[in-house]
Every structure is written in structure tokens, then in C-alpha cells.
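S.K.: Turn this into a model:
(chains A and B)
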Amino acid sequence: MKKESSKKLVAVAGQPNSGKSTIFNILTGARQHVANYPGVTVEKKTGSYHLKGDSIELVDLPGTYSLTSYTQEERIARDFLLNEKPAVVVDVVDASNLERNLYLTFQLAEMDIPLVINLNMMDVAEKRGMNIDAEKLGQQLGASVVPTVGNRGKGKNELKEAVRATSKEGQSNQFRLDYGEALETHLMSLEEILSDDKTLSGRYPLRWLAVKLMENDTEAQRLVKENSSDGNKILNFAEEKRKSYISTQKKPPEKAIAQLRYQAAQNIAEASVTRKKEIKRSLTDRFDQIVCNRFLGPIILVATIYLIYELAIVQGYNITPYTWPFLAGFRDFIASILPSEGFIFDPFFRSMPLWVVNGTIAVLNYIPIFLILFALIAILEDTGYMARMAFILDRVFRYFGLHGQSVLPMVIGGLYVGGCAIPGVLATRGMKDEKARMATIMIVPLMNCLAKIPFYVLMIGLFFAAYKGIAMFFIATITVIIALAIAKILSLTILRRKESAPFVLEMPPYHLPTVQGVLRRCLERTWLFVKKIITIVIVVAIIIYVLIYFPGISKERKAYYISQADQAQQTFLKRIGKDNPYAPLFASDKLMEFAQYWGDYKKAKMGAKGKEAKEVVDQGFRKKNFEFFKIVKKGKYKSEGKVIKDKYAKKVYTAYKKLDKKRNKLRREDREETIVGSYMGRAGRFIEPFTRWAGFNWRVNIALMSSFAAKESSVATLGGIYQSPPGEKEGALEERMREKEVGWTALHVLAIMLFMAMYPPCIPTLLMVRLETGSTKWMLFATFYPIVLGLIISILVFTGGSLLGLSGMQAMITFYVLALIFLVLMGFIKREPELT
Amino acid sequence: MTLDEMKPGQVCEIVDVIAVGILGQRLMDMGFIPGTRISIIRNAPLIDPIELEMKGYNVSLRHSEAKGVEVTPL
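M.R.: Numbering: from 1, shown residues only, chains lettered A, B, ... in the order given. This is a model prediction of the structure:
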């Protein structure tokens, strides 16, 4: 091999729970990059480091028990090794589980790659009374063996040095597993045939290919077919060999190969390991006796879930008021550099960017929740409790086509009340069962995220005020019932053909997570989220803005508003009088300057808590513009220690207050008219004849459509449509809605609430769905099925309830009972195919 | 008999993996090889799945999957 000082590609391979990511982290340090393997949703981590002039590029392969073509992870790891031909592969081996880990080592060795074996978790092995002779192991495997204790960084330099030395030699591993005479004769003749093919022998390790063909590996067969002109001939030959083996040995070669590998692993392990005492996982076993206990287990699990919910969702949300000022400060800064606002109409380059900034910070506001949540998930994964959760819950969830691992994403998404679908969808990442994972991704958005809550509160306040608790319980649990039923339906229909992994789940020993490891993962995932989501949120926000503000009101209407504004300003000037000494302040276009000051002052005063803070605000505004200050203080201010009462300033104050009220009213009217006449408003009216069956009029349609960007805006949009002045309490909005919607009954509200519960995921969640499913089609499905479902349910409840003459509560209870019966029936439909 | 018929506390030895396809391969990859000793540790709170110990590590399986492993009690 050529000597080269350029970048060397090194792959890190290993079984799950071998501490592979820890090794990857201590080797690369902070210089890491997370992406996906092309075309799939499996995370690909790369990093780099330098050693003695060599630049090493490290790639973390997915953790796999084997290298068959049955699972996506195994295919990815295998394809990477075949196609990228790394200079060295570091095989991370759990020293306390040597035998099973060597099973993978043999398969790696077969691929003709220079191998470095990393005996990790030596401390655990020692605690279990195992003494491993690394040198002896190395001799048997023909590779350097480096012992490490990953989570303490022990052995890091030795490992780097071994990687360097092996990459310099450039020698592929010489270890050759003997599969016994019966298999070897077939393997040899297959290898011979393969070596005649120039393309194949140039591209692939032939012994590996021969073994795979004997194993009837479909991917290997594809490689042969695609690369060789004699592909079919070779495959026929291999098939013959397989048949002849089966007829003489009475078992399929893949079975024999697995057995022989384990036999060899056992022999090698026995030769290099001396055991002081019998293997024990004493502490883990004692823990599991409690954690997996029939009675205590579920209690601990519920307590853990509750704790996650409490810490991340509740406490995380409590932190947001402290982080919000930073986001608001950012928005205000942007607002200050944009063109200033108009009396009625704001310039496009002000309102549009502000709309985008508002939409973005609404999502960024949840960062504290994400940080806590991701840290807790990392702890759950690292301790090993995650596997126990799946173990305890699998039975329940399996009835509905889900998996024990589905519970965590659902809790995060808002299993009871309050969650967020974005990290919920992200949390499905660890699930191996592709079918259950897809079903989970599709139903997580049906949970009740934090942003839906204000809407529910508003709606419940409208017609269910007397039964607040019951109504909230209804909405929180009906969503779970519907979600489970949907999961089952999906897994029986469109997800039927998805890969479903068997539930063969390792229960690793418990161990304490490291602070570093947890922090790293939590920051990494949060950053990934921010990076991926924000850019697209901006684009979508612009689109929604256009839909909601364009084409805008007509010229005549615009002129009307301008004349109204002029009139109001004239009245204002008349009110303060010509001889008022403050009158020159409002000459010609200076009025807006004061309007700005007035608004800023009001806002600052509202934000200041306590007497002292208010005093500081006063001082600041006094310095900024003393004349304006006199007015906003109603003419009552201190000067040189004396309290001065200025009646002219007071007059201006009173007059401006009236003008301000008029201005706000005009702005609101303009906004309503704009929204109603906008593309979205037209759409809302257009579909009204249809949505009437669900009890939605066009006003509700607009509110529902516009809250698509982020659900937070649903209440705000309703506020806009029902003309609730900004800053007023929800109670007031309720009153306005009642005034305007005299025909409404509890059935209307129930139908709207149920629709909101099913409502399509917000845009950031959809992007997450796109990211996690790796498919735009699934994203579109996740967008549209909830709309259809929501409409069906709403129509059922509203039209059905109206025909039967049910009251709101009666309809609620009836629907609940029916949904529950439906769910139980769904649970009984055939569970899964038995042994294939 | 098959592995799903075993009760917690019992110990058995694998005779054969009768499951084929992905399940069979996965079981073999995880060390379900004839001659291997398995201790049944416990059932999940709702009976299914079961937790086993073999080759010094613990693994859990559903009953429907344990059916794919033929064993003889020891």
C-alpha cells in the first residue's frame, strides 16, 4: 500500500452496549459532525483527530450484533466497509461479554480489513471475575488488542497508537475462521469461481462473498448479479452448493456457520480468559428484582414517566419565562432596525420580518424543555432503564401494533396534557422495529402538545365551564384512545409491509451515566433540532404570511382607512388646542415619533416588576425625551425635587389616549378585513359549506388553517378575528366569541375541540417527521390524515349529535364510550404473524 | 418442548432454533446456539415478554418468538 500522509479513514464498529459511542467520543473529542447515512435515517457520526502528523477521519458505524442483510443498520455498516474501504476498523468489544462480541469480530475479519480490537469495559469484566489476557487474544486473532475503560478515558493513547501502527502496516487481518471440512470444500470451489471474475475479485473480499452466498444472503446475491456478466451462472452454482450441503448435513449452511462462529468464539474466549469466580451481575439482578417486579415494576415506571413529564415539561416550561426576555430582546432589536411602523399600515418590510421572527422565537422558546428532555432521555438510555421500560410495557403496546419503546415518544409528545411532538418524534430514533417506529411517529402528533392547551382552555371555558375537570380529562384521554386505534389501523394497512424486527432485546447491566456523556448528547440533539428546524420554519412562515396578508384590501378601503386616520388625528389636534405649548411636538409627521415612545413606555412599564424597576424605567424614558415624558406621566412629574403638575401635558395625555384607542380599533379592523379577504380567508369561506357539517363556520376555518404554522397562534388568530384587543385576558375573548357566535352550542365547541386534538402537526413537527422517516411522502401523509380524521370525527360528533338531539356532555360521553369500544375491538384483531 | 413453555426459575438447554428468516438469524446472532444453557429469569409484569440469562448476559423475548427455540429442561 502507498505511504500517504493525507486523511486516513477509520471506522468504529461494535455491538450495541459495547460502549462504542464512548470510545468514539474519547477518540475524537469535541470535533464531531452528525449527519445521516445517505438515503436513510440512521445517524452517522464523523469526527477527526491528529496523531504524529497523521490525520485520522473517524466514522461511527451503527451498533450491530451481526453483519447480515436483514436489518437496515447491518446493511449500512456492511456497505460502508465494502464501499469506503477504511484504512483501519476499530472493533469495540465488550470485554465482559467477550464470546458474543467475538461473533461480530469474526465477520469483520472476514471482510479483509486491517483490524484493531478494542477490549472495552475492562473494569466491568474485572468486577465479574474475568481476567483477560489481551496479548494471547491478539495472537489468536492476528490483530493488536487494546484494553480500555472508555468512560474513564483509560487506554485512549494506546488505542490511538495501535490505530496508527495498523494503518501504517496496511495489512488486512489474516485471521481465518475454519468452518470445517463440509463447508470449506464448498467455500473453496465458490471462491475459485468468483476469482475468475475480474470485476468481483477487484471489488470484494472473495472469501466473505463465498460465505455470504452460502448463507443465502440476498444483498450478496445482488452484488454478484450487478457486478458480474456471469452473475446468474455464479448464483446457480452457489445454489447447487447450498443444496448439496443441506442434503448431506441436514441443516442450512447459515445455521452451521452461526454455530461454528460461536464455537470458535467460545474456544478463543476460554483460552484467553481466566475466571476467578462465577459470572454474576449481582447488583443489576437485585435492581431488576425490584424494577421488573410484577407490582413494583409498573409503579416505578409510572413514577419515572411522571418525573420526566414533571421535570422536562412542567419545570422546563417554568424556565421559559426566564429565557423569553432574551428572545423578546432579540425580536425588539430586529424591530428597532426595521422600517418604523405606520399609523395604520405597517410597511411590508416591517410586518413580514417581524411575523417570521415571532414564529421562530415561538419555537425557540421551547429550548429549555428540549435540553432537559434530551438530558433525561440520555440518562434513561445510558443507565439501561430504557430496555426495562420496553420490557414492562411491550405487552400493552403490542396489541396496537406498537412496541414497548413507543411509550417514551408518546409521553414526550403529551400523553396526558402538555408535551411537544417535535422531540417526541425525535425520541423514536432508538427504536429498532421499523414498523412500530413508523406507527409511533404517525401518532405522536395526536398527543396533546403544550400549544394546544390554551385553545382547549378557551373552548372549555365557552361551553363546558361547569365541567372543566371532566372536559379536560376527556380531551386528554380521548386522544390516547384514538391514537392507539390509529396505530393499529396503520400497522394493519399501509405499514403492513414495513420491516418488523423481532423483539430480541438485550437487557444490559445498569450503570451510572457520565455527566459528560449526557451533556454531550443533550446538546448535540438540541443543536441538531435548532439547525434543522429553524431554517425551514422561516421559509414556511413567509409562505403563511403571504397567504394570510395577501392580496390585501382594496384601494377604496385603504383610502377609507387613511381618511379615518386623518380625521382622528385632526380631532386629536383640536382636542389639545392650538395654544397648547406641546402642540408643535405633533406637527406634520412628528406624531409617529410620539406614538413609538408611547408604545415603548407602555411596554417597558408592563415588563417592569416592582416599584424600583418602574422607577428605573421612568428615569430612562425621562432621559430619552423629557417633553414626551411629561405627557406620558399625565403632566405629573418631579423637577428639582418639586412635584410639578402640568395641565397642558395632562390634556395631551387624555387626547392621545383617545387617539390611541381609535388607532388600535382601525388597525384591528384593517387586519380583520385583510385576513378575511386574504387567500386563506377566501379558502375558509370556500370550504364553509362543507365544514358546516362539522360545525365550523368560516371564522373557525381561518383560525384553524392559520394555526398550522405553530399552534400557539390559534388563540391569537381567533383574537384577531373576534377583535379582542391585544393583552386582554382570555375571558374577554370568550365574551366576544359568545357575542358574535350566538348560534353556537356545546356541540359546536366539542366538534372544534376534537378537530384541534387531531389537528395536523405543526410545521416543525412535520419537518421532524420528514427527517425521521426520511420520506416526503410520509410527511405529507402525516399532514393530511389528521385533517381527514379530524373532519370525520367532528362531523360524526356534530351532525350525529345534532340529529340525535344530544347535549354537549351527552355527545362527549357517547363518543368516548364508542371510541373505547372501537379501541378494544381493534386490540383483538390478529396480532402478528407467528414464526415465519 | 419450546422455550416459551419454560417457567421462571427453570434452566434448559437449547436443542435447535426452529425459527427461520429474520427471527432465526437474529436468535442465532444473539447466541441461541444448540448446547447453550438458558436460565429463565422472570416474566414481565403482564407475563409477556420473558427475560432470560445466557452466556453471561440477559435478553428478553416475546413468547411468540421464544416458540422458535426448541429446548430440553435440565
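S.K.: List the residues that contact the closest residue to residue A:194 other than its chain neighbours.
M.R.: Leaving aside its sequence neighbours, residue A:194 sits nearest to residue A:206 (C-beta to C-beta, 6 or more residues apart in numbering or on different chains; 4.9 Å). Quick note: C-beta positions are derived from backbone N, CA and C, even for glycine. Shown in contact with residue A:206 (C-beta atoms under 8 Å, 6 or more residues apart in numbering or on different chains): A:191, A:194, A:195, A:200.
S.K.: of all these, which two lie farthest apart?
M.R.: Within the contacts of residue A:206, two members stand farthest from each other by C-beta to C-beta: A:191 and A:200, at 10.6 Å.
S.K.: Return the set of buried residues in the longest helix along chain A.
M.R.: Taking DSSP state H as the criterion, chain A has its longest helix at helix A:515-549. Neighbour counts over helix A:515-549 (16 or more other C-beta atoms under 10 Å in any protein chain shown) mark A:517-518, A:520-522, A:524-526, A:528-529, A:532-533, A:537, A:540-541, A:544-545, A:547-549 as buried.
S.K.: Now do the strands in the stretch 451-600 of chain A.
M.R.: According to DSSP state E, counting those that start in this stretch, the stretch 451-600 of chain A carries its strands in the segments A:504-506.
S.K.: Please apply the same query to chain B.
M.R.: With DSSP state E, the ranges of strands along chain B come out as B:11-17, B:37-44, B:47-54, B:57-61, B:69-73.
S.K.: roughly how far is the third one from the heart of the chain?
M.R.: What it means is strand B:47-54. Distance of strand B:47-54 from its chain centroid, counting by C-alpha atoms, centre = their mean, to the nearest Å, is 7 Å.
S.K.: Now do that strand: everything it contacts.
M.R.: Defining contact as C-beta under 8 Å, 6+ apart, one finds that strand B:47-54 is touched by A:288, A:292, A:391, A:394-395, A:503, A:505, A:507, B:3-4, B:6, B:8, B:31-32, B:36-44, B:58-63, B:66.
S.K.: Partner strands of that strand and their direction?
M.R.: strand B:37-44 (antiparallel), strand B:57-61 (antiparallel) (DSSP bridges).
S.K.: quick one: contacts for residue A:516?
M.R.: Counting by C-beta under 8 Å, 6+ apart, residue A:516 has contacts residue A:25.
S.K.: Just the pLDDT for it.
M.R.: pLDDT recorded at residue A:516 is 86.
S.K.: That one and residue A:44: what is the separation?
M.R.: 22 Å (C-beta to C-beta, to the nearest Å).
S.K.: for residue A:208, same thing?
M.R.: From residue A:208 to residue A:44 the distance is 23 Å (C-beta to C-beta).
S.K.: do the same with residue A:486
M.R.: In terms of C-beta to C-beta, residue A:486 sits 32 Å off from residue A:44.
S.K.: now do residue A:183
M.R.: Residue A:183 is 35 Å from residue A:44, by C-beta to C-beta.
S.K.: more neighbours, those two?
M.R.: residue A:183 (20 against 17; other C-beta atoms under 10 Å in any protein chain shown).
S.K.: for the helix or strand harbouring the more buried one, which positions count as buried?
M.R.: According to DSSP states H and E, residue A:183 maps onto helix A:181-195. For helix A:181-195, a neighbour-count test (16+ other C-beta under 10 Å) marks A:183, A:186, A:187, A:190, A:191, A:193, A:194 as buried.
S.K.: Next, the angle from the longest helix belonging to chain B to strand B:11-17.
M.R.: Ordering each helix of chain B by length in residues (DSSP H) puts helix B:21-29 first. Taking axes from the mean of the first three to the mean of the last three C-alpha atoms, to 10 degrees, one finds helix B:21-29 and strand B:11-17 inclined to each other by 130 degrees.
S.K.: For helix B:21-29, which helices and strands make contact with it?
M.R.: Contacts defined by 3 or more C-beta pairs under 8 Å, 6 or more residues apart in numbering or on different chains; DSSP states H and E place helix B:21-29 against helix A:253-272, strand A:504-506, strand B:11-17.
S.K.: Compare these and give me the one nearest residue A:554.
M.R.: strand A:504-506 (64.8 Å).
S.K.: which neighbours does the closest one have in its sheet, and in what orientation?
M.R.: Here, using DSSP bridges, strand A:504-506 pairs with strand B:57-61 (antiparallel).
S.K.: quick revisit: which of the buried residues of helix A:181-195 sits closest to chain B?
M.R.: Nearest to chain B, judged by C-beta to the nearest C-beta, of the buried residues of helix A:181-195 is residue A:183 at 15.3 Å.
S.K.: before we move on, back to that, how far does the longest helix of chain B sit from its chain's centre?
M.R.: 12 Å.
S.K.: same question for that helix, mean pLDDT?
M.R.: 92.
S.K.: how far off strand B:69-73 does that helix point, in degrees?
M.R.: Counting by the same axes, to 10 degrees, helix B:21-29 lies at 40 degrees to strand B:69-73.
S.K.: Where is the longest strand in chain A?
M.R.: strand A:43-51.
S.K.: residues making contact with that one?
M.R.: Under C-beta under 8 Å, 6+ apart, the answer for strand A:43-51 is A:7, A:21, A:24, A:27-29, A:31-37, A:55-60, A:160-161, A:163-164, A:429.
S.K.: Pull out the buried residues from those residues.
M.R.: A:21, A:24, A:27-28, A:32, A:37, A:56-60, A:160, A:163-164, A:429.
S.K.: Tell me which of the residues you listed fall in strands.
M.R.: A:32, A:56, A:57, A:58, A:59, A:60.
S.K.: which ones are touching the first one?
M.R.: This points to residue A:32. Taking C-beta under 8 Å, 6+ apart, we find residue A:32 in contact with A:25, A:45, A:46, A:47, A:524.
S.K.: farthest-separated two in the buried ones among the contacts of strand A:43-51?
M.R.: Maximum distance among these (C-beta to C-beta): 33.2 Å, for A:164 and A:429.
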